[in-house]
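> the following comprises the amino acid sequence and a computationally predicted model.
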2 protein chains.
Amino acid sequence: MVGEGRTRIVVTGGGFGGLEVVRSLPQDGVDITIIDTRNHHLFQPLLYQVATASLTTSDIAWPIRYLFRRRPEVTVLMGRVTGIDTERRCVIAEDCEPVPYDILVVATGARHSYFGHDEWEPYAPALKTLEDATTLRRRILTAFERAEAEPDPIRQRALLTFAIVGGGPTGVEIAGAVAELARDTLKHDFRHIDTTETRIVLIEAGPRLLPAFRPALSDYARAALEKLGVELVLGEAVTLCDSDGVVYGGERLAAGNIIWAAGVQASPAASWLGAPADKAGRVRVEPDLTVPGHANIFAIGDTVTIAGPDGSPVPGIAPAAKQQGRYVASVIRARLKGRAAPPPFRYRHDGSLATIGKRLAVVDFGWIALKGALAWWIWGLAHVYFLIGVRNRVMVALSWLWIYLRNQRGARLITQQKDPVEDDIL
Amino acid sequence: MVGEGRTRIVVTGGGFGGLEVVRSLPQDGVDITIIDTRNHHLFQPLLYQVATASLTTSDIAWPIRYLFRRRPEVTVLMGRVTGIDTERRCVIAEDCEPVPYDILVVATGARHSYFGHDEWEPYAPALKTLEDATTLRRRILTAFERAEAEPDPIRQRALLTFAIVGGGPTGVEIAGAVAELARDTLKHDFRHIDTTETRIVLIEAGPRLLPAFRPALSDYARAALEKLGVELVLGEAVTLCDSDGVVYGGERLAAGNIIWAAGVQASPAASWLGAPADKAGRVRVEPDLTVPGHANIFAIGDTVTIAGPDGSPVPGIAPAAKQQGRYVASVIRARLKGRAAPPPFRYRHDGSLATIGKRLAVVDFGWIALKGALAWWIWGLAHVYFLIGVRNRVMVALSWLWIYLRNQRGARLITQQKDPVEDDIL
């Protein structure tokens, strides 16, 4: 494989996993190509803060080619991967020539899933890309604008009702952020509505919020959200989303705003490769993260499933994707040098973090659990630390400082054309 | 007019003029409604910096209702004005009930004009709204991405050619910013193209750049742009824009990027009011800025034309709109108190500023002309000063600091779906 020339390594996807592979690969004897649909890497854990007007798009996104500007052996291509030709060993992408590889790392991530009800998507937008976030921001802020202009009190009430589907970290974080937006930030800005009466209903099909955390922290999150005025519905699955609201437990909730924070569907990597997959489309990779039957193709991150040391699947979170990226780079390094392969991938869970609101967060490190103000500071510092570059750290810290001191969210912008479906809502 | 209740004052448009009217109006005895298509006021003089990835959208936009949150007599409505019923004295807007007024101030601004060639617009986007800026940013950054992936050297060359139409401050500022983006910011980021060879052609139909400035400053701007590698074409009108480029002086320039910075068309205020207008649709207002035949309707800003003290028309710039706003507020105040009307509006020109690049700017105060580094610092400080609020001043100053020190532009994001027409370009 090392042969006459340089080994061609192709990485599809510039998320946490894909970036980590490239960062951890050697610079000599290789030509690395990284292909992504977008020109930017996105810090998804803070995407909900763009959707709720706390941060702006550029705070949490970096041009991928900027990150590798000092690595001449790295080529960045912008294009949507549509297939992989394992015979000819090349990646097929829109707007590019086929890209040949000696070693391929598939890190194309996941999108949200509506459990077979894709027709709900226009009414219940989810959050995965920067456009999703600015679209959701527009819809949230427009709901208050429409309510202000609405003479019918019943429609006004529905416009001020937010149904959030899914009680994992994203659902909890969005519910808390919408509550603070309505109760603190917008309080003085309207004349015909009282934004502090905004109704926020968080619906989780399972028996408790934040199932990845220990039960005591789920209870704390529940109490903290209720203190912020969020209504919780546990143990009920949503059975319908439409222009009038949601249905769960046989009851209809009239809601002008539905936010989808449940369910994940992997990228089509498994079908490109004819690889075994689970229900969510995640490739069942080998213990060394190769794709079964393809020793020179690795797959990592949200697009794969693999068991962790305790037997449960490795969670679809940024630290897991990064660990997998570093591991794959170590396997490739060993191959390039003709050394023995490292032992199988072993996931190490460093902890789970979720924020609910100002001075309200939960942190579960396994060996210790924290909640409240201390957990909130840890959450904030950890997220600032994991951002890339001094500039973005300063900008995010400043934005948070302003929210902390003055409840002033800096990015309350309604932009882009509305979707045609929005005219039908309520 | 003051009658039994409170005087209803309606202001259409939350630009520089409209905001200034509301800010300068008294708080007692009036109900003020401000209507805008957008939820935000936009600091248009820095819009080109969003288009060229230097600033982010929220740096230069503020929610209008946030600006008046402490003024309970001010109601803000989001809606597109579609007409004015002068018989029933109400403003007709989409998504709102008709809004009745006793006194109306029309400040609906202007958009760009293609001199009767609206079919050029898809190929030659212009810059007036935040969406225009993020669209232009996407197209500029995508051109470099496409050139990187383009095997045909002739098409690659065309993708790296930018034609900028119009040599006023906007055209000059965009040309300089694109030049710095290509030559400094992107220099290390690509592998198959040399971004420093990007061709930027600025085309002005008149005999010199920056016609509002004294000729010596036009000459300086020309020399400064040429030093940045911008090619200048003076005295030639563009006669065609299409998917292959522009035509001027009978010659075709193959250009994958055309940016329109020429021509302005006023909002349809004149037709809503049946008022006399100039060629660009600007209402010819009375000396007290009322609309002829309507003593209770004022019009200000880019949607009107009026002669300045030297006989030439008042320019369509922010300070002029603000002066008109303050003047109209003073007329309304006098009427509310039953006092004599103030003397006719008199425009005072404080100066013209334009920036070309790092430490390159021109300032013409009338009594003194400045150029180079000193003018650049004055330009920067003046713009930071005129931004609203401490938060945005800090954010913009920090963004500029990073560009100054490291050539690092913080908002290099390709977002939003591409227009269908973009697939046809080249």
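Great, that's in hand. Numbering: from 1, shown residues only, chains lettered A, B, ... in the order given.
> give me every residue that touches residue A:225.
Applying CB atoms under 8 Å, 6 or more residues apart in numbering or on different chains to residue A:225 gives the contacts A:172, A:175, A:176, A:179, A:202, A:209, A:232, A:356. Glycine gets a C-beta too; all of them are placed from N, C-alpha and C.
> that one belongs to a helix?
Yes. Under DSSP: H, G, I helix; E, B strand; the rest coil, residue A:225 sits within a helix.
> next one: it from residue A:46, what distance?
19 Å (CB to CB, to the nearest Å).
> which residues touch the residue lying closest to residue A:150 once chain neighbours are set aside?
Closest residue to residue A:150 apart from its sequence neighbours, by CB to CB, 6 or more residues apart in numbering or on different chains: residue A:156 at 4.4 Å. When contacts are counted by CB under 8 Å, 6+ apart, residue A:156 is found next to A:147, A:150, A:193.
> what are the phi and psi values at residue A:156?
Dihedral pair for residue A:156: phi -60, psi -40, per degrees, to the nearest 10.
> tell me how far it lies from residue A:402.
30 Å.
> same check on residue A:270?
44 Å.
> more neighbours: those two, which one.
Under the criterion of other CB atoms under 10 Å in any protein chain shown, the comparison of residue A:270 against residue A:402 puts residue A:270 first, with 23 against 18.
> quick one: list the elements packing against whichever strand or helix holds the more buried one.
If you go by DSSP states H and E, residue A:270 is part of helix A:269-273. Applying 3 or more CB pairs under 8 Å, 6 or more residues apart in numbering or on different chains; DSSP states H and E, one finds that helix A:269-273 contacts strand A:81-85, strand A:103-106, strand A:283-284, strand A:294-299.
> tabulate those strands (JSON lines), appending mean neighbour count and distance to residue B:117.
Listed next are the helices and strands packed on helix A:269-273 as JSON lines, based on neighbours: other CB atoms under 10 Å in any protein chain shown; distance: least, CB to CB, whole Å:
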{"stretch": "strand A:81-85", "mean neighbour count": "18", "distance to residue B:117": "38"}
{"stretch": "strand A:103-106", "mean neighbour count": "27", "distance to residue B:117": "47"}
{"stretch": "strand A:283-284", "mean neighbour count": "22", "distance to residue B:117": "52"}
{"stretch": "strand A:294-299", "mean neighbour count": "22", "distance to residue B:117": "51"}
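> so which of these is nearest chain B?
Chain B lies closest to strand A:81-85 among these, at 13.7 Å (CB to the nearest CB).
> quick one: the residue most central in space within chain A from residue A:169, how far?
What sits nearest the mean C-alpha location of chain A, by CA atoms, centre = their mean, is residue A:44, with 4.3 Å. Distance from residue A:44 to residue A:169, counting by CB to CB: 11 Å.
> can you pull the phi and psi angles for the closest residue to residue A:29 other than its chain neighbours?
The shortest distance from residue A:29 to any non-neighbouring residue, by CB to CB, 6+ apart, is to residue A:6 (5.5 Å). For residue A:6, the backbone dihedrals (degrees, to the nearest 10) come out as phi -90, psi 150.
> share the number of residues neighbouring residue A:6, please.
14.
> do the same with residue A:197
Residue A:197 has 11 nearby residues by other CB under 10 Å.
> you'd agree it is up against residue A:160?
Yes. Using CB atoms under 8 Å, residue A:197 is in contact with residue A:160, at 6.8 Å.
> element containing residue A:323?
helix A:318-336.
> list the buried residues in stretch A:262-275.
A:262, A:263, A:264, A:265, A:266, A:267, A:268, A:269, A:270, A:272, A:273, A:275 (16 or more other CB atoms under 10 Å in any protein chain shown).
> tell me the secondary structure at the fourth one.
Yep, that's residue A:265 we're talking about. Under three-state DSSP, residue A:265 comes out as strand.
> from residue A:31, how far off is it?
For residue A:265, the distance to residue A:31 - CB to CB - is 32 Å.
> and what of the third one?
Distance of residue A:264 to residue A:31, computed by CB to CB: 33 Å.
> show me where the stretch 51-200 of chain A has helices.
A:64-67, A:130-149, A:153-159, A:169-180 (DSSP state H, counting those that start in this stretch).
> in this structure residue A:231 contacts residue A:201, no?
Yes. Using CB under 8 Å as the test, residue A:231 is close enough to residue A:201 to be in contact (4.7 Å).
> between those two, which one's more packed in?
Ranked by neighbour count (other CB under 10 Å), residue A:231 and residue A:201 place residue A:201 first, with 20 against 15.
> looking at this, that one is in a strand?
Yes. Judged by three-state DSSP, residue A:201 forms part of a strand.
> check contacts around it.
Residue A:201 neighbours (CB under 8 Å, 6+ apart): A:161, A:162, A:163, A:164, A:230, A:231, A:232, A:233, A:253, A:255.
> roughly how far apart are the last one and residue B:131?
For residue A:255, the distance to residue B:131 under the criterion CB to CB works out to 28 Å.
> cool, and the fifth one?
In this view, residue A:230 and residue B:131 are 33 Å apart by CB to CB.
> show me which of those two is the more surrounded one.
Set side by side, residue A:230 and residue B:131 show more neighbours around residue A:230, with 22 against 14, by other CB under 10 Å.
> what bridges to the more buried one?
residue A:200 (DSSP bridges).
> and it, what does it touch?
Counting by CB under 8 Å, 6+ apart, residue A:230 has contacts A:175, A:176, A:179, A:200, A:201, A:202.
> before we move on, back to that, closest one of the contacts of residue A:201 to residue A:411?
residue A:162 (18.5 Å; CB to CB).
> picking up where we left off before, contact partners for the residue nearest to residue A:29?
Each residue near residue A:6 by CB under 8 Å, 6+ apart is listed here: A:29, A:30, A:31, A:73.
> quick one: which of those residues sit in strands?
A:30, A:31 (DSSP state E).
> how about the stretch 201-350 of chain A: which residue is closest to chain B?
For the stretch 201-350 of chain A, CB to the nearest CB, closest residue to chain B: residue A:256, 13.9 Å.
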